[in-house]
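S.K.: structure, please.
(chains A and B)
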Amino acid sequence: MRVKSVFCAALFLAFGSSVALGAGPMTGKTVKVGVIADVTGSAGAYGNSQKNAYELAGDDLKAGLIDAAGASLTFDVQDAASDPNQVVNLVQKFTTDGSALMIGPTLSSEAKKADPIAVAKNLTILATSNTAQGITTMGSCVFRDSLSEEQVVPQMLVKMEKAWKVKTAAIIYGDDDQFTKTDFDIFSASLKADNIDVVDIKTFHKGDVDFKAQLTAIGEKKPDLLVIGALIEEGVKIATQAKQLGFKGHFAGGNGLNSPKFIDLAGPAGDGVIVGAAYYLGDTRGGNKAFVERYSKKFGKAPDQFAAQAYAAAQVVAAAIKGGATNSGQFCSFFGNMKPLMTVLGPVSFMSSRDVRADSAILEVSKGAFVPFK
Amino acid sequence: MLVQQLANGVFLGAVYALFAIGYTLIFGVLDILNLAHAAIFMLAAFVALSLAGLGVPLVLAFALALVVAGFLGVLLDRVAFAPLRRRNAGTLVPLISSIGAAIIMQGVARGIWGPDEQRFPANALSTAEIHIGSLTVGALDVVILAIALVLMGVLSYVLRSTALGRSIRAVAADRVAAALLGVDIERTIALTFFIASALGGAAGILIGLQYNSVSLDMGARIELKGLAIIILGGMGSVTGAVIGAFLLGAVETLSVAYISSSYRDAIAFGVMFLILVLRPTGLFGKRALRAA
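M.R.: Numbers count the residues shown, from 1 in each chain, chains lettered A, B, ... in the order given. Reported below is the predicted structural model:
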């Protein structure tokens, strides 16, 4: 128990950056934000990025790069260790320790357990990485700044349609994985909404390595666009084999392909694949350039989407304090009426559904890198 | 499109065949199902990948990995099967023993190469394509098919026309009678393991090259198919395994193309089930158990 409390204190010192900056209308006010992140455990890669972002946000508040109008703003980052029980314990802590807002948890499945507890205690929630359906509907003060795939895909198709006059499409997806199945559902609904004719739908199973039969059948129908609903390993082979079989159309990838690892593995075969994302590293708006530089310097690697969404949450919280919010109710009403705020994700505001209104980054793999698709 | 799909099926079937003949050879000679065959298949692919990564030319890496796979097979026999054979342990105990050996080999591979899928070095593989009318095939696929056919031809020649082949067939037919006739049983079994495992290893390397993907679970993916093929072909029949493999490749490909990709495996195994109902000994099996 003692070890645990020492650990908690150390964690607080390390990540809970308490900041009181010079003069400002909110000078003397204290706001504590409880953050639940999976810093360790199976979702550690995501939670670690989030923890880093709040640590940097603490530094940037001190340096005046984020303006909280002189208030003392603390991000109390607690590690849920990818353990749903730990998540529940932490929510209970934040509902009783004077936190004005809860950010997190990292995973949608955790949010489904945690959010109802916070909602029952009227604690406002800002989710930064929960992209599943049914998150913001859990309470009238549950917001999220992460774009869901349902929001990204339609924007992506509009851009592709404009650039290439796409009339027909085929979809290949893994039918034994919830993630890739969701890709299929979202893409087929969006293609239908855009009046793009889906000429063929083929499936595969996890671990398959040979997709030539499916791709030959698809190639025969000559679709303008091939949608790949796959995780990285299969996605790489699909793109490679399609090109080998002489497929001449364009490629669109689901969320699963939105990773630098896809480019590493696919090599030249990845060129021309379009993916939709919530964040683009090369964006210069909302202080993103400084964010990328400072983050890279501090942590030795560039920020990913999870870090950017967490940092944007810090920017949104600071703006809310500047707008006079210091308690849960005030945060809720500020978010609900927030004018588009420039963040590292671009301009961010919340819709009446409390989902984020933000630009998606439509990216194209070109010569071994993601570049904006024009 | 039918021609292209049939070509896809042939390339798929060739690697299935290489895997399955090693599998069926050991069954034919020893009456045991060697479930560690898939682990050697995977290990050989990793060995070839590592050698290629060290700059060894691909052809040499392939040859060296075959030898490593062959010796792994001999070692497998010495450790997992020979002690049981001496005690007349029947057929079920060696089956379990081979599962244990497979798990150990998986663990060793995970320790050495890690859990992630790996790829051959960039530029190590040809990406050239050959166009014949509307047919597009990768030059690499053609080379792989040729290697598979040559290896199957060599095996067929060895079994039919050499002293070793005669010994293998004699041991398969009746171990006691073969011993009485002066055949060195243990040596023949060791050589059978060497040949079968080298062929399994070759299949692993070729499938790794064909899809540029080497992973710990690559053996598990093909194992069940290999088992189905040797039962379909007739347990212990090398010819049956080859034909069964090409049949499976064709059925899988055509079911994806013309019926439904979601039901590919269900259709492939359904066809096998039908054939076995009509011919319980498999296509080339002379009896329910073994025939070499």
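
S.K.: so where is the chain shaky, pLDDT-wise?
M.R.: Unless you meant another one, I'm taking chain A. Low-confidence segments of chain A (pLDDT under 70): A:1-23.

S.K.: correction: the question concerned chain B.
M.R.: Applying pLDDT under 70 to chain B flags residues B:122-124, B:286-292.

S.K.: could you redo the last one with a cut-off of 80?
M.R.: Along chain B, the parts satisfying pLDDT under 80 run over B:1, B:90-91, B:115-116, B:121-128, B:133-134, B:236, B:285-292.

S.K.: any chance you could map the strands in it?
M.R.: For chain B, the strands defined by DSSP state E cover B:129-132, B:135-138.

S.K.: and the residue of the stretch 1-150 of chain A nearest chain B?
M.R.: Nearest residue of the stretch 1-150 of chain A to chain B: A:Ser42, at 13.4 Å (CB to the nearest CB). C-beta here means a position set from N, CA and C on the backbone, and glycine is covered the same way.

S.K.: need the outlier residue of chain B, farthest from its centre.
M.R.: B:Gly133 (32.4 Å; CA atoms, centre = their mean).

S.K.: what does chain A give?
M.R.: Centroid-distance maximum for chain A: A:Glu220 at 36.7 Å, with CA atoms, centre = their mean.

S.K.: so what's that residue closest to, chain neighbours aside?
M.R.: Excluding its sequence neighbours, the residue lying closest to A:Glu220 (CB to CB, 6 or more residues apart in numbering or on different chains) is B:Met1, at 4.7 Å.

S.K.: just checking, what packs against the helix ranked longest in chain B?
M.R.: Counting by DSSP state H, the longest helix found in chain B is helix B:2-30. Other helices and strands packing on helix B:2-30, by 3 or more CB pairs under 8 Å, 6 or more residues apart in numbering or on different chains; DSSP states H and E, are helix A:212-220, helix B:37-53, strand B:135-138, helix B:139-161, helix B:163-173, helix B:185-210, helix B:218-233, helix B:238-258.

S.K.: on that earlier part again, how far away is the residue farthest from the centre of chain B from chain A?
M.R.: 13 Å (CB to the nearest CB, to the nearest Å).

S.K.: might you report the residue contacts of that residue?
M.R.: Taking CB atoms under 8 Å, 6 or more residues apart in numbering or on different chains as the criterion, B:Gly133 is in contact with B:Val3.

S.K.: what about 10 Å?
M.R.: Taking CB atoms under 10 Å, 6 or more residues apart in numbering or on different chains as the contact definition, B:Gly133 lies against B:Val3, B:Gln4.

S.K.: with A:Asp197 instead?
M.R.: Contacts of A:Asp197 by CB under 10 Å, 6+ apart are A:Val166, A:Lys167, A:Thr168, A:Ala169, A:Ala170, A:Leu191, A:Pro223, A:Asp224.

S.K.: kindly report the same for A:Val33.
M.R.: Counted by CB under 10 Å, 6+ apart, A:Val33 has contacts A:16, A:54, A:57, A:73-77, A:94, A:99-104, A:124, A:126, A:313-314, A:317, A:321, A:331.

S.K.: let's have the strands of chain B in JSON lines, adding mean neighbour count and distance to A:Met156.
M.R.: Output for the strands of chain B, formatted as JSON lines (neighbours: other CB atoms under 10 Å in any protein chain shown; distance: least, CB to CB, whole Å):
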{"stretch": "strand B:129-132", "mean neighbour count": "11", "distance to A:Met156": "30"}
{"stretch": "strand B:135-138", "mean neighbour count": "18", "distance to A:Met156": "29"}
